[in-house]
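Novice: from the sequence below, what's the structure:
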Amino acid sequence: MKKALKAAFKATMPVFFGYIFVGMAFGLLCQRNGYNFIWALFIGIGVYSGSMQFVLLNLLTGGAGIAEAVITTLIVNARYALYGISFTDLFKKMKKVRPYMIHTLTDEVYAIMCSVKVPLGVNRKQLFLAIAGLSHFYWVLGGVLGAILGSAVHFNSKGIDFAMTALFIVIFVDQFLTFPTRTPSILGVLSGLVCLIFLGSKNMLIPSIMIIIVFLIVFKSRLEKKIEMAKKRGVR
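Specialist: Okay, the predicted model is just below:
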């Protein structure tokens with residue numbers, strides 16, 4: 001497990017910086033809305049959804065009803081159900097920690113799990129558990145620190161959430177440069193742009209993900225052949 005933790009820490013360094021700063025932004029907002037670090041701690045542990053946690057603050061302060069909260073949560077977090085399809089078989093094998101793996105499958109954790117190279121001598125299941133656990137810890141830590149800082153220091157935190165955008169760019173560029181075929185990356189960019197143009201920024205996410213999934217399913221065998229050929233040529 002020590003080897004898995006070491007490898008996971010290295011793989012999650014971009015997530016560390018992104019989660020700490022965005023988590024702090026959430027903690028600051030918690031404090032400004034009258035919720036102390038205890039709230040930030042338990043929301044981070046139990047909800048653990050960056051976008052939904054920010055929406056949750058609006059729901060709490062706006063006096064939203066249970067039905068509104070449930071529907072909003074389903075809409076905001078619907079994409080996670082699509083992410084889980086890729087790891088259904090693996091998570092089944094993880095048995096006792098399966099619920100935790102499902103709970104901690106965020107955008108960034110999913111991206112890392114899809115791109116990380118398992119080092120020799122490291123158990124894949126232990127590595128993925130360590131990646132999920134460390135990322136969860138970073139997020140909770142950031143939220144708590146932000147709430148504590150918000151109660152002691154007042155400053156303009158505008159723009160701090162760009163850390164998440166930067167994180168996704170770094171992960172994408174790394175996968176684009178190292179993955180055996182660039183077809184999935186190009187498809188992701190094109191589907192995102194098309195959906196952005198025709199559906200707008202608020203409605204593009206789920207349709208673009210669905211397009212990518214359908215494409216990958218239809219052309220699965222062809223992509224696998226490309227990957228195998230690239231590996232034989234010595235490309236990762």
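Novice: elements contacting the helix or strand Leu216 falls within?
Specialist: Counting by DSSP states H and E, the element that carries Leu216 is helix 205-218. The criterion is 3 or more Cβ pairs under 8 Å, 6 or more residues apart in numbering; DSSP states H and E, and the helices and strands that helix 205-218 contacts are helix 79-85, helix 183-199. Every C-beta, even on glycine, is put in place using the N, C-alpha and C of the backbone.
Novice: rank those by mean pLDDT and give me the bottom one.
Specialist: Note on the helices and strands packed on helix 205-218: lowest mean pLDDT is at helix 79-85, with a mean of 76.
Novice: figure out how far the helix holding Leu216 is from the centre of its chain.
Specialist: 18 Å (Cα atoms, centre = their mean, to the nearest Å).
Novice: circling back: any chance of TSV for the helices and strands packed on helix 205-218, columns distance to Leu223 and mean neighbour count?
Specialist: Putting these into TSV (distance: least, Cβ to Cβ, whole Å; neighbours: other Cβ atoms under 10 Å) gives the following:
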stretch	distance to Leu223	mean neighbour count
helix 79-85	16	15
helix 183-199	6	15
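Novice: looking at the ones you listed, which is nearest to Val173?
Specialist: Val173 lies closest, by Cβ to Cβ, to one member of the helices and strands packed on helix 205-218: helix 183-199, at 9.2 Å.
Novice: put the alpha carbons of the helix holding Leu216 into PDB.
Specialist: Extracted in PDB, the C-alpha atoms of helix 205-218 (Å, rounded to 0.1, in the frame of the first residue of the first chain):
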ATOM      1  CA  LEU A 205     -22.000  19.000 -20.800                       C
ATOM      2  CA  ILE A 206     -24.200  15.900 -20.800                       C
ATOM      3  CA  PRO A 207     -24.900  15.900 -24.600                       C
ATOM      4  CA  SER A 208     -21.100  16.200 -25.300                       C
ATOM      5  CA  ILE A 209     -20.300  13.300 -22.900                       C
ATOM      6  CA  MET A 210     -23.000  11.200 -24.500                       C
ATOM      7  CA  ILE A 211     -21.600  11.800 -28.000                       C
ATOM      8  CA  ILE A 212     -18.100  10.800 -26.800                       C
ATOM      9  CA  ILE A 213     -19.500   7.600 -25.100                       C
ATOM     10  CA  VAL A 214     -21.400   6.600 -28.200                       C
ATOM     11  CA  PHE A 215     -18.400   7.200 -30.400                       C
ATOM     12  CA  LEU A 216     -16.100   5.200 -28.200                       C
ATOM     13  CA  ILE A 217     -18.500   2.300 -28.000                       C
ATOM     14  CA  VAL A 218     -19.100   2.200 -31.800                       C
END
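Novice: show residues contacting it.
Specialist: 78-79, 82, 85, 184, 187-188, 191-192, 194-196, 199, 223 (Cβ atoms under 8 Å, 6 or more residues apart in numbering).
Novice: wait, Val76 sits on Phe54?
Specialist: No: here Val76 does not reach Phe54: they are 9.5 Å apart, not a contact under Cβ atoms under 8 Å.
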